[in-house]
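[1] what follows is a predicted protein model with its sequence.
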Amino acid sequence: MLAGKSYLMIPGPTPVPPAVVAAMSRPMIGHRSADFADLYRRVADKLRRVCQTSNEVFVLTSSGTGAMETAVANVISRGDKVLALITGNFGERFARIARAYGASVVEVNFGWGGAVDPQVVADYLRDREIKAVLATQNETSTGVANDIAALGRLLADHPALLLVDAISGLGGMDIRTDEWGVDLLVGASQKALMLPPGLAFVTVSPKAWRVIERNEGPRFYFDLQAARKAQANWNAPFTPAVSLFFGLEAALDMILAEGLPRVFERHALLAAAVRAAVRALGLELLAPDEHASHTVTAVVGPEGVAVDELRRVLYSRYGVSVAGGQGVLRGKIFRIAHMGFVDRADVLAVLAALEMALAELNYPVALGSGVRAAQEVFLGRRQS
Ligand SMILES: Cc1ncc(COP(=O)(O)O)c(C=O)c1O
């Protein structure tokens, strides 16, 4: 491996484009200045376009979990009944945060590798006492994408709010906040938005504001009413990560210049190529095709190969970082992310390295078969 040369194919942090790095190296400005206010106003406008919403959007200086906590803390009061739809690690985390804020959480677990079944959710929603539904758009721990549009339809005539963790989908997969009826959409900087870690986002619907204004539950750093008050002057209640705001504008400009439909197509194509390659190599995909994430692909560890050893060879010999499994899937899967500043050549390089690493670990692999399958997808000669 060449020093400083690497392929960061983990589901966040992800590669940061040179234009974003350059923007972040600008001289500092005061966060109470007119310059920052202008920047925040522009960034919020661009972020709303990426979130496909006309709702208010807040940029928080925190990791993604902070935005999940913001969503929960602001709308859930002690004792509220909350429906948590779980398909893996991050769905479990959402439920744990709600419990920490005193919610009475009804967990519906579709299994790690499974997807939310809207029919099952419809049954639970006969209970009109449910105050909020917690869902994960893209379950990063399993590479499963959930049907948020279907959940929105179910909630159209239900009093509950729809809270969606779109942290590893936003900027890579279609998420129509308004059209799908998402009340609080949560995102983070270090995924498909191509920034370093440190910023998180939350959009808030008018229906959610009505709940927030009545909610007397505890919150301080993540108080959306304080954020709204500050934002009236395009300010943040506490010192924001100013350099990341510079980078955010550059990243949003890139996404909007490429155009959302093309960004989504690119991610779908990369996912299809990775899935085709995995199949051609005789390996097993964790997520079924109909629920496959477009930003991260989970691969079941091949028979006779220790996943951590495979990851070690990939990194030490080829500079390729892929993620391991989390929770119950630790040691059982590895995850190749293809989100954000990633293109076809990155995917081909990583697949070639994967084949070589497998061969070095004596796994019977037909060299070139995975790369070829991906190339065929890219050339439009194969689906996935
Ligand atoms: C779907 C999802 N939710 C939540 C998180 C947590 O975000 P953070 O680590 O930025 O707090 C992640 C991070 O990987 C994620 O992928």
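    Structure received.
[2] what ranges does the stretch 51-200 of the chain have for its strands?
    56-61, 81-86, 104-109, 130-136, 138-139, 144-145, 161-165, 184-188, 199-204 (DSSP state E, counting those that start in this stretch).
[3] can you dump the C-alpha atoms of the third one in CSV for me?
    Going back to what we said before, that points to strand 104-109. The C-alpha coordinates for strand 104-109 follow below in CSV (Å, rounded to 0.1, in the frame of the first residue of the first chain):
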residue,chain,number,x,y,z
SER,A,104,-43.2,3.9,26.2
VAL,A,105,-41.6,2.2,23.2
VAL,A,106,-43.4,-0.5,21.2
GLU,A,107,-40.6,-2.2,19.2
VAL,A,108,-41.5,-3.9,15.9
ASN,A,109,-38.5,-5.9,14.9
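[4] contacts for that strand next, please.
    79-86, 95, 98-99, 116, 120-121, 124, 130 (C-beta atoms under 8 Å, 6 or more residues apart in numbering). (Glycine included, C-beta is placed from N, CA and C.)
[5] now, which of those sits nearest Leu379?
    Checking the contacts of strand 104-109 against Leu379 with C-beta to C-beta, the nearest one is Val116 at 34.1 Å.
[6] which pLDDT value goes with Val296?
    Looking at Val296, its pLDDT reads 99.
[7] bridged to it, which residues?
    For Val296, the beta-bridge partners are Ala337 (DSSP bridges).
[8] for it, what are its contacts?
    Pro11, Asn138, Thr140, Gly143, Ser168, Ala323, Arg335, Ile336, Ala337, His338, Met339.
[9] restrict these to those near the ligand?
    Under the cut-off given by C-beta under 6 Å from any ligand atom, the ligand has Pro11, Asn138, Thr140, Ser168 from these close to it.
[10] coming back round to it: go through the contacts of strand 104-109 and name the one nearest Gln383.
    Val116 (24.6 Å).
[11] picking up where we left off before, just the buried members of the ones next to the ligand among the contacts of Val296?
    Buried residues within those, counting neighbours by 16 or more other C-beta atoms under 10 Å: Pro11, Asn138, Thr140, Ser168.
[12] which pair in these has the greatest spatial separation?
    Maximum distance among those (C-beta to C-beta): 9.0 Å, for Pro11 and Asn138.
[13] spit out the residues that contact those two alike.
    Contact criterion C-beta under 8 Å, 6+ apart; residues shared by Pro11 and Asn138: Ser168, Thr295, Val296.
[14] how much space between the residue in the stretch 201-350 of the chain positioned nearest to the ligand and Arg335?
    Across the stretch 201-350 of the chain, the shortest distance to the ligand (C-beta to the nearest ligand atom) belongs to Val296, at 8.2 Å. Noted for Val296: a distance of 5 Å to Arg335, by C-beta to C-beta, to the nearest Å.
[15] and for those two, which residues touch both?
    Here Val296 and Arg335 share the contacting residues Pro11, Thr140, Gly143, Ala323, scored by C-beta under 8 Å, 6+ apart.
[16] residues contacting the first one?
    Contact criterion C-beta under 8 Å, 6+ apart gives Thr140, Ser168, Lys191, Thr295, Val296, Ala323, Arg335, Ala337, Met339 as the residues in contact with Pro11.
[17] try Val204
    Residues in contact with Val204 (C-beta under 8 Å, 6+ apart) are Asn55, Glu56, Val57, Phe58, Asp183, Leu184, Ile212, Leu224.
[18] can you tell me which of the residues you listed is closest to the ligand?
    Leu184 (13.6 Å).
[19] am I right that the closest one is in contact with Pro206?
    No - at 11.8 Å, Leu184 does not count as touching Pro206 under the criterion of C-beta atoms under 8 Å.
[20] with neighbour numbers in mind, choose between these two.
    Using other C-beta atoms under 10 Å as the criterion, Leu184 and Pro206 rank with Leu184 on top: 29 against 9.
[21] what is that one paired to in the beta sheet?
    Beta-bridge pairing of Leu184 under DSSP bridges involves Leu163, Val204.
[22] any idea how far Phe222 is from it?
    Distance of Leu184 to Phe222, given as C-beta to C-beta: 12 Å.
[23] name the residues contacting each of the two.
    In contact with both Leu184 and Phe222: Asn74, using C-beta under 8 Å, 6+ apart.
[24] show me where the stretch 201-350 of the chain has strands.
    Under DSSP E, counting those that start in this stretch, the stretch 201-350 of the chain gives strands at 296-300, 320-321, 323-324, 333-337.
[25] neighbouring strands - and their directions - for the second one?
    Yep, that's strand 320-321 we're talking about. Next to strand 320-321 in the sheet, as set by DSSP bridges, lie strand 7-8 (parallel).
[26] can you tell me the closest non-neighbouring residue to Pro15?
    Among residues not flanking Pro15 along the chain, Phe341 sits closest, at 4.5 Å (C-beta to C-beta, 6 or more residues apart in numbering).
[27] who are the contact partners of the one you found?
    Phe341 neighbours (C-beta under 8 Å, 6+ apart): Thr14, Pro15, Val16, Pro17, Met194.
[28] before we move on, what about Met24?
    Taking C-beta under 8 Å, 6+ apart, we find Met24 in contact with Pro196, Ser243, Leu244, Phe246, Gly247, Ala250.
[29] please flag which of these sit within helices.
    Residues of these located in helices (DSSP state H): Ser243, Leu244, Phe246, Gly247, Ala250.
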